[in-house]
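Novice: Here is a sequence with its predicted model. Questions after.
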Amino acid sequence: MAFQKQVSYTWAPAVEGDFASTNPRASAMSIDGLRAGDDGVTIGVFAWVKDDGVTVVNQQTAKDIKPTGFVRRGINTAIVGYMQNATMTYQPGMPLSLQTMGDYWARSKNGGTRGQKIFVSTKDGSVLCDEAGVSKTDYIETDWYCALTANANELVIISSTAVY
């Protein structure tokens, strides 16, 4: 186990991939279930389902295709690294669900302001917040919104519902 390097005055509000509310939520449908691809799937970011309808990856599967959903933090992953005490990755072949609706905690690389749109990296599924219609290299605009103002690399609440 790693040696503690910092002490916080308060508990963290959440971890990437946690539910942020009890508002209605929905998952992507798959007849055969969804499973992590050969490189595993990172939790707390967006992902795409490949053409086979089963395999989930954190990289865009075809140009201009929006991600299938958000990878929520579940309990069905294994910690397989030697002396590893935590993981934020579903191991290859593990079952998982992709959230297509709801409110979740995610880490925004650039922070965000309430009401901005969520942009997703086509390389790793990570999140940026920015104004609607902005063109960003290697990012695609989604139908999701930033629901909590935060600084760069802090947790934000992302929502599939318009934020007022």
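Specialist: Good, I have the coordinates.
Novice: When you work out contacts or count neighbours from here on, use the C-alpha atoms and nothing else.
Specialist: OK.
Novice: Report the buried residues of the top strand by length along the chain.
Specialist: Longest strand in the chain, counting residues (DSSP state E): strand 139-146. Within strand 139-146, the residues scored as buried using 16 or more other C-alpha atoms under 10 Å are 139, 140, 141, 142, 144, 145, 146.
Novice: Wait, the fourth one touches residue 117, no?
Specialist: Yes. The criterion here is C-alpha atoms under 8 Å, and residue 142 meets it with residue 117 at 7.0 Å.
Novice: circling back to that earlier point, relative to the longest strand of the chain, what are the paired strands and their orientations?
Specialist: Strand pairing for strand 139-146, determined by DSSP bridges: strand 117-121 (antiparallel), strand 154-159 (antiparallel).
Novice: Just say which of those strands is most tucked in.
Specialist: Comparing these on average neighbours per residue, with mean count of other C-alpha atoms under 10 Å, the densest one is strand 117-121 at a mean of 26.
Novice: now what about whichever helix or strand comes after it, what contacts it?
Specialist: Helices and strands here follow DSSP states H and E; after strand 117-121, the next one along the chain is strand 127-130. Applying C-alpha atoms under 8 Å, 6 or more residues apart in numbering, the set of residues contacting strand 127-130 from outside is 45-46, 106-113, 116-121, 145-146.
Novice: Off-centre distance for strand 127-130?
Specialist: 12 Å (C-alpha atoms, centre = their mean, to the nearest Å).
Novice: Ok, stretch 87-94 next?
Specialist: Worked out by C-alpha atoms, centre = their mean, stretch 87-94 lies 14 Å from the chain centre.
Novice: Need the contact partners of that stretch.
Specialist: 35-44, 76-79, 96.
Novice: go with 10 Å
Specialist: With contact meaning C-alpha atoms under 10 Å, 6 or more residues apart in numbering, stretch 87-94 is reached by 15-17, 34-44, 54-57, 71, 73-81, 96.
Novice: Repeat that for stretch 47-54.
Specialist: The list of residues contacting stretch 47-54 from outside it, by C-alpha under 10 Å, 6+ apart, reads 28-37, 41, 55-62, 65-71, 93, 95, 98-99, 120-122, 124-126.
Novice: out of everything not next to it in sequence, what's closest to residue 162?
Specialist: Nearest residue to residue 162 in three dimensions, chain neighbours excluded: residue 145, at 6.4 Å (C-alpha to C-alpha, 6 or more residues apart in numbering).
Novice: which ones are touching the one you found?
Specialist: So residue 145 contacts 103, 112-119, 129-132, 157-163 (C-alpha under 10 Å, 6+ apart).
Novice: No further questions, thank you.
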